[in-house]
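just the structure for this:
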Amino acid sequence: MILPGLSGSFLLMLMGNYVLLLVDSVNALYDSLSEILRGDFSNIYSDVRIKYLKVLSVFTLGSITGLISLSKILGYLLSKFNQLCNSIIFGFIIGSLGVIWPWKSALSVENEYKIVRYLPDYNHETFYAFIFILIGIAIVIFLSSYEKSRKFGLIGKNIDYSFSKKYFSEKFKKKIWIVIFKL
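Predicted structure coming up:
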């Protein structure tokens, strides 16, 4: 999952291939490996199983290729267009909330399924969900402000000296020698 809110499983469900790739093909691989380990080679050359293993092989190769190429492309885009890319990724996350949001129910209307969203009953589970959402927001805000305070200090000067030669030679040489002599 390189892009949050746009996971591979979500795309497979949208295309209708989730069961084929992540259930049937994985089961065929598991069955083949378990039969090989037991020494039973009778069902390995089954046409259906070979078809599923081919599908899984192509899917795995495509996933690895896509992961590597998309991470390179995304790294380049983030280095050149950071704010725009972060806005698009945030849009993916917000857009996918409607699919994974917990307060919905499926209704069957004349052999068709329709998703109906509704406001939840305000019980303890809903209260806990909102509390954890607020805790998550507070943690993100705290970590962001903590990073800024460590990077720029309280008076606005950059205080990140941890990798300079002078800091290393003065601070850590003494500690290293003390540790060596204590051993």
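
where does the chain dip in pLDDT?
1, 5-6, 98-120, 151-183 (pLDDT under 70).

let's go with 80 and repeat that
Applying pLDDT under 80 to the chain picks out residues 1-11, 13-14, 44, 93, 95-122, 147-183.

how's it carved up into domains?
Domain ranges of the chain: 1-100, 117-183, per automatic domain parsing.

pick the most deeply packed of those.
domain 1-100 (a mean of 12; mean count of other C-beta atoms under 10 Å). Any C-beta I mention is one placed from the backbone N, CA and C, and that applies to glycine too.

by contact count, what packs against the helix ranked longest in the chain?
Longest helix of the chain, by residue count under DSSP state H: helix 47-80. Judged by 3 or more C-beta pairs under 8 Å, 6 or more residues apart in numbering; DSSP states H and E, helix 47-80 is in contact with helix 25-38, helix 82-100.

between the first one and helix 47-80, how big is the angle?
I take that to be helix 25-38. 120 degrees (axes from the mean of the first three to the mean of the last three C-alpha atoms, to 10 degrees).

counting contacts, what elements does helix 25-38 pack onto?
Helix 25-38 packs on helix 47-80, going by 3+ C-beta pairs under 8 Å, 6+ apart.

likewise the longest one?
Helix 82-100 makes packing contacts with helix 47-80 when contacts are defined by 3+ C-beta pairs under 8 Å, 6+ apart.

now the helix it packs on and helix 82-100, what's the angle there?
140 degrees.

adding distance to Asp121, write the helices and strands packed on helix 47-80 out as TSV.
Below are these laid out as TSV (distance: least, C-beta to C-beta, whole Å):
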stretch	distance to Asp121
helix 25-38	38
helix 82-100	20
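
wait, which of the ones you listed is closest to Leu11?
Proximity to Leu11, assessed across those by C-beta to C-beta, is greatest for helix 82-100 (10.7 Å).

so which strand or helix has Tyr146?
Applying DSSP states H and E as the criterion places Tyr146 in helix 124-152.

elements contacting that helix?
Packing contacts for helix 124-152, counted by 3+ C-beta pairs under 8 Å, 6+ apart, involve no helix or strand.

thinking again about what came up before, so which of the helices and strands packed on helix 47-80 gets nearest Ser57?
helix 25-38 (9.0 Å).

can you pull out the residues in contact with that closest one?
Phe41, Ser42, Asn43, Ile44, Val48, Arg49, Tyr52, Leu53, Val55, Leu56, Phe59 (C-beta atoms under 8 Å, 6 or more residues apart in numbering).

again, 7 Å this time
Identification of contacts with helix 25-38 by C-beta atoms under 7 Å, 6 or more residues apart in numbering yields Asn43, Ile44, Arg49, Tyr52, Leu53, Val55, Leu56.

make sure I have this right: the second one is in a helix.
Right, the one you point to is Ile44. No: Ile44 sits outside any helix when classified using DSSP: H, G, I helix; E, B strand; the rest coil, being coil.
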